[in-house]
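Participant: got a sequence here, can you model it:
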Amino acid sequence: MSLPAAPRRGVVFTEEMRLAWLRLIRSENVGPVTFRELINRYGSAAAALEALPDLAARGGRRIVVCGETAAAEEMARAQKLGARFVCLGEPDYPRHLRTVDHAPPVLALMGDAGCFDRPALAIVGARNASLSGIKLTRIFATGVGSAGFVVVSGLARGIDAAAHDAALATGTVGVFAGGLDRPYPQENRPLMRQIIDHGGALVSEMPFGWTARAIDFPRRNRLVAGLSLGLLVVEAALRSGSLISARLAGELGRLVFAVPGSPLDPRAAGANRLIRDGAILACEPADVLEALTPLAERADGSEDGSLDEPARDGPPLEGLPLEATGDEPVRGERERIVETLGPTPVAIDEIIAHTGSSPGIVQLVLLELDLAGRLERHPSGMVSLLL
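Facilitator: Got it, this is the predicted structure:
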């Protein structure tokens, strides 16, 4: 079976632009949402970097801005490892990830970006997988791989490792929770090398030198889900990272599949719960392919423009018209906006309606608070003040 590969579109950044983007995302308190707003307001990462210290100071504290030397050293470390950085909007940026709200502005990539041109299925599951779970994982990974799908997973022990290994010949992508030079677990280093040697890819949004912590794995799981059209859970306990991945996949609009298991095996409890709650039951690769193939055949990128521009909710390419004006709060306006905030999340539209300030002014004050580490953004788009 042959599935369509999406055409490569986008703008190749200059090294100066790529360095500036890396500096901006590596600066203190700058995440994907803040990054987007800074680019929208200032038009370029270089201009945003100049504005950062003053913005954070107006929010209430100083922050550390990533210097040019530090970013250049990270780029040199990547090059030494055989990796590179790709920015949102460049042709090598993963096409499915472009459609994700608040996609990482910069990814470290090692291997062949060509595997991002094909549709993908994420396969996740228990680290302490059973032999039958490993066998089923290999069956699914081989089956969807032979049908033209790339297999994405998180390089963990058990189900993840089995999925990668079974898909080596057809294409697989491994997602790191830490930096590309800090693989975990160490025992999978040979597998990671095989992924690259067989034309697959390894990706991470974390800095080189970053050792993964427990709080970094949900972020990794979101990337695993975002890189794919659907996510398959083979074995998972009721409290597991695989169920977090399934929840994130559902929030991103991806199809969620689960392999049923014995009610007597706690490793099957999570997958069985997913099926009870509406996940698609998958007993063989055909069950996955039946649901995903029509999506893959339509996913040429034309329906949402995601291959012509960065993510629909992501930062525009530098040089496009700015979203915000250069207006500044009048006397007392900044204080009035801050007073509307508290520990209880509120919608930004409510702040605008209550204060009578323009959306651009409100967004600017929230940006200042965010950079100062005083604002918490919630998945629903609401915000609260960190006291």
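Participant: Ser228 looks like it's in a helix, true?
Facilitator: No: Ser228: not assigned to a helix; according to DSSP: H, G, I helix; E, B strand; the rest coil it is coil.
Participant: from memory it sits against Gly154, does it?
Facilitator: No: the pair Ser228 / Gly154 is not scored as a contact, 11.7 Å apart, by C-beta atoms under 8 Å. Every C-beta, even on glycine, is put in place using the N, C-alpha and C of the backbone.
Participant: who's more crowded, these two?
Facilitator: Ser228 (28 against 25; other C-beta atoms under 10 Å).
Participant: centroid-wise, who is the farthest residue in the protein?
Facilitator: Distance from the centre of the chain peaks at Arg331, with 39.1 Å (C-alpha atoms, centre = their mean).
Participant: does it count as helix, strand or coil?
Facilitator: Using three-state DSSP, the structure places Arg331 in coil.
Participant: make 96 the first number, not 1, from now on.
Facilitator: Sure thing, new numbering starts at 96, so read that last one as Arg426.
Participant: that one and Gly356: what is the separation?
Facilitator: 64 Å (C-beta to C-beta, to the nearest Å).
Participant: contacting residues for the spatially most central residue of the chain?
Facilitator: Geometric centre of the chain, nearest residue: Leu318, 3.6 Å, by C-alpha atoms, centre = their mean. The contact partners of Leu318, taken as C-beta atoms under 8 Å, 6 or more residues apart in numbering, are 192, 199, 270, 298, 300.
Participant: just checking, the fourth one touches Gly274?
Facilitator: Okay, so that is Val298. No: Val298 is beyond contact range of Gly274, at 11.3 Å (criterion: C-beta under 8 Å).
Participant: which residues do the two both contact?
Facilitator: Ala203.
Participant: strand partners of the helix or strand Met205 falls within, parallel vs antiparallel please.
Facilitator: Assigned by DSSP states H and E, Met205 belongs to strand 201-206. As defined by DSSP bridges, the strand partners of strand 201-206 come to strand 178-182 (antiparallel), strand 296-299 (antiparallel).
Participant: direction included, what does the following helix or strand past that strand pair against?
Facilitator: As assigned by DSSP H and E, the chain's next helix or strand after strand 201-206 is strand 215-219. In the sheet, strand 215-219 lines up against strand 245-248 (parallel), strand 325-328 (parallel) (DSSP bridges).
Participant: Gln289 should be in a strand, yeah?
Facilitator: No: using three-state DSSP, the assignment for Gln289 is helix, not a strand.
Participant: which residues touch it?
Facilitator: Applying C-beta under 8 Å, 6+ apart, the residues near Gln289 are 260, 263.
Participant: so it versus Val239, what's the distance?
Facilitator: In terms of C-beta to C-beta, Gln289 sits 19 Å off from Val239.
Participant: now Leu462
Facilitator: 42 Å.
Participant: can you check Arg213 too?
Facilitator: 11 Å.
Participant: hang on, the earlier thing: who has more neighbours out of Val298 and Gly274?
Facilitator: Of the pair Val298 and Gly274, Val298 is the one with more neighbours under other C-beta under 10 Å, namely 26 against 22.
Participant: show me what that one bridges to in the sheet.
Facilitator: Applying DSSP bridges, one finds that Val298 bridges with Leu204, Val270.
Participant: give me the neighbour count for the residue lying closest to Gly240 once chain neighbours are set aside.
Facilitator: Spatially, and ignoring its direct neighbours in sequence, Gly240 is nearest to Thr265 (3.1 Å; C-beta to C-beta, 6 or more residues apart in numbering). Burial of Thr265 is recorded as 22 neighbouring residues (other C-beta under 10 Å).
Participant: which residues are contacting the strand holding Met205?
Facilitator: Taking C-beta under 8 Å, 6+ apart as the rule, strand 201-206 contacts 113, 116-117, 120, 173, 176-183, 187-189, 192, 274-275, 290-291, 294-301, 303.
Participant: rerun at 6 Å
Facilitator: 116-117, 120, 173, 177-182, 275, 291, 295-300 (C-beta atoms under 6 Å, 6 or more residues apart in numbering).
Participant: buried subset of these as a PyMOL selection?
Facilitator: In PyMOL, this line selects whichever of the contacts of strand 201-206 come out buried by 16 or more other C-beta atoms under 10 Å:
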select buried, resi 116+117+120+173+178+179+180+181+182+275+291+295+296+297+298+299+300
